[in-house]
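[1] Provided below are the primary sequence and the corresponding predicted coordinates.
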Amino acid sequence: MSRFWSEFVHHLEPYVPGEQPKMARLVKLNTNENPYPPSDKVLKAIADHADATLRLYPDPDASALKQAIADFHGVQPGQVFVGNGSDEVLAHLFMGFFRQPKPLLFPDITYSFYKVYCGLYGIDYRTVPLREDFSLALADFDSHNGGIIFPNPNAPTGRLLPLTEIEALLQRNTESLVVVDEAYVDFGGESAIALVNQYPNLLVVQTLSKSRSLAGLRIGFAVGQAPLIDGLERIKNSFNSYPMDRLAIAAGVASFNDHAAFEESRQRIIASRDALTAALTERGFSVLPSAANFIFASHPEHEGAALAAALREHGVIVRHFSKPARIAPYLRITIGTEEQNAALLAALDQTGE
Ligand SMILES: Cc1ncc(COP(=O)(O)O)c(C=O)c1O
């Protein structure tokens, strides 16, 4: 705290990211990173671009990256916005589109950064409860609103909505923007990008942090109709003209051009998720159906906080949220390599679980 802080800074409630421990030997299953490295082609692209041109500013439009994303998703480059991680893309769209007289709606259990951006930008919001089984009831989002945002699959539950339900919402809710945050969609969902040409009220956000193993480079993007993208560009160019550095642009392009590595890594994680779900179920856990690179699991005889602490003693870190009370029994466990998942199970067996 400092006497130089403004009142505004005093009242902010910042996001608390998952721990990034300095100890190397921990089995780190707490922040939904990809356990596999980026592909060789991506690493080569970074090495090839780590040269004297780094003295020059990057392309402010990151046009090569927009083109690669557009080609991959079958849209026009003018329908793509890129930012320094999808968190930055989200921040810009909250600032640009959700500061409305009516409240923004999002689920009561969801990505906790949404509330933080509302605090930062003074956005009025209302949360909509998930059903008993933690599924998202889009019909409950029908009240008057200044925008709607939800992740699909949702975080931290991993539960997926079919595209048909999202399309029905877009048809009912034509007067405000619907944002689908698809950070985890590559692990089992169908992308709503397929709907952007039909619906001017839809913006889809994705990231290269999860399915493309590039959390450390910070690359996120949004796809929507050109007028929405133009709005985001106006904000970006009023904030930071160069959010994407030269290495990030080169690596992002290489990633979208390496279909084989992308497929292999995500299929491996999907297979491991199914195996881990079965192994935990055998041990008495109840595991929500997940379409993400993590699972949300609880045990009837053990408290979530105690389990997380016991795992930590055995060198395995997972994420536990004490609030809201409804999710306190659960652990959010990132899918690791086969070895990491085996270490998790061994640690559970040693903790008496
Ligand atoms: C639902 C959701 N959206 C967005 C993000 C942000 O991802 P990034 O800023 O790494 O692109 C995350 C990160 O965990 C997330 O869980």
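    Good, I have the coordinates.
[2] what residues does the stretch 1-150 of the chain put near the ligand?
    32, 85-87, 111 (C-beta under 6 Å from any ligand atom). Glycine gets a C-beta too; all of them are placed from N, C-alpha and C.
[3] can you put those in a markdown table and add neighbour count?
    Compiled in a markdown table, those are given as follows (neighbours: other C-beta atoms under 10 Å):
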| residue | neighbour count |
| --- | --- |
| N32 | 23 |
| G85 | 19 |
| S86 | 25 |
| D87 | 21 |
| Y111 | 21 |
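[4] and these, which of them are in helices?
    85-87 (DSSP state H).
[5] of those residues, closest to G18?
    D87 (13.2 Å; C-beta to C-beta).
[6] tell me who's in contact with that closest one.
    Residues in contact with D87 (C-beta atoms under 8 Å, 6 or more residues apart in numbering) are 113, 220.
[7] so how far is I69 from it?
    17 Å (C-beta to C-beta, to the nearest Å).
[8] count of neighbours near the closest residue to H49 other than its chain neighbours?
    Distance criterion C-beta to C-beta, 6 or more residues apart in numbering; nearest residue to H49, sequence neighbours excluded, is A250 at 4.1 Å. The tally of other residues near A250 (other C-beta atoms under 10 Å) stands at 22.
[9] got the contact list for A250?
    45-46, 48-49 are the contacts of A250 under C-beta under 8 Å, 6+ apart.
[10] so for this structure, which residue is the most central one in space?
    A183 (3.3 Å; C-alpha atoms, centre = their mean).
[11] that residue: what secondary structure?
    Under DSSP: H, G, I helix; E, B strand; the rest coil, A183 falls in the coil class.
[12] separation between it and A278?
    Taking C-beta to C-beta as the measure, A183 falls 25 Å from A278.
[13] for the stretch 101-250 of the chain, what spans make up the helices?
    All helices of the stretch 101-250 of the chain, identified by DSSP state H, counting those that start in this stretch, fall at 113-121, 163-172, 226-236, 246-257.
[14] report the buried residues of the second one.
    Neighbour-count burial for helix 163-172, counted by 16 or more other C-beta atoms under 10 Å, picks out 163, 166-167, 169-170.
[15] now the shortest one
    Along helix 113-121, the positions that meet the burial threshold by neighbour count (16+ other C-beta under 10 Å) are 113-118, 120.
[16] max pairwise distance over those residues: which two?
    Top of the distance list for those (C-beta to C-beta): Y114 and L120, 10.9 Å.
[17] where do the contact lists of these two overlap?
    With C-beta under 8 Å, 6+ apart as the test, Y114 and L120 both reach F94.
[18] which bits of the stretch 151-300 of the chain sit near the ligand?
    151, 155, 181, 183, 207, 209, 215, 220.
[19] can you pick the most crowded of the residues you listed?
    For these, neighbours tallied by other C-beta under 10 Å; top is D181, 29 neighbours.
[20] any idea of the mean pLDDT for stretch 58-67?
    Computed over stretch 58-67, the mean pLDDT rounds to 98.
[21] straight-line length of that stretch, end to end?
    16 Å (C-alpha to C-alpha, to the nearest Å).
[22] now swap in stretch 324-340 and tell me
    29 Å.
[23] before we move on, what about stretch 17-25?
    Using C-alpha to C-alpha, the end-to-end distance of stretch 17-25 comes to 20 Å.
[24] got a list of what the nearest residue to Y121 once chain neighbours are set aside touches?
    Nearest residue to Y121 in three dimensions, chain neighbours excluded: M95, at 5.1 Å (C-beta to C-beta, 6+ apart). Contacts for M95 (C-beta under 8 Å, 6+ apart) come out as 117, 121, 235.
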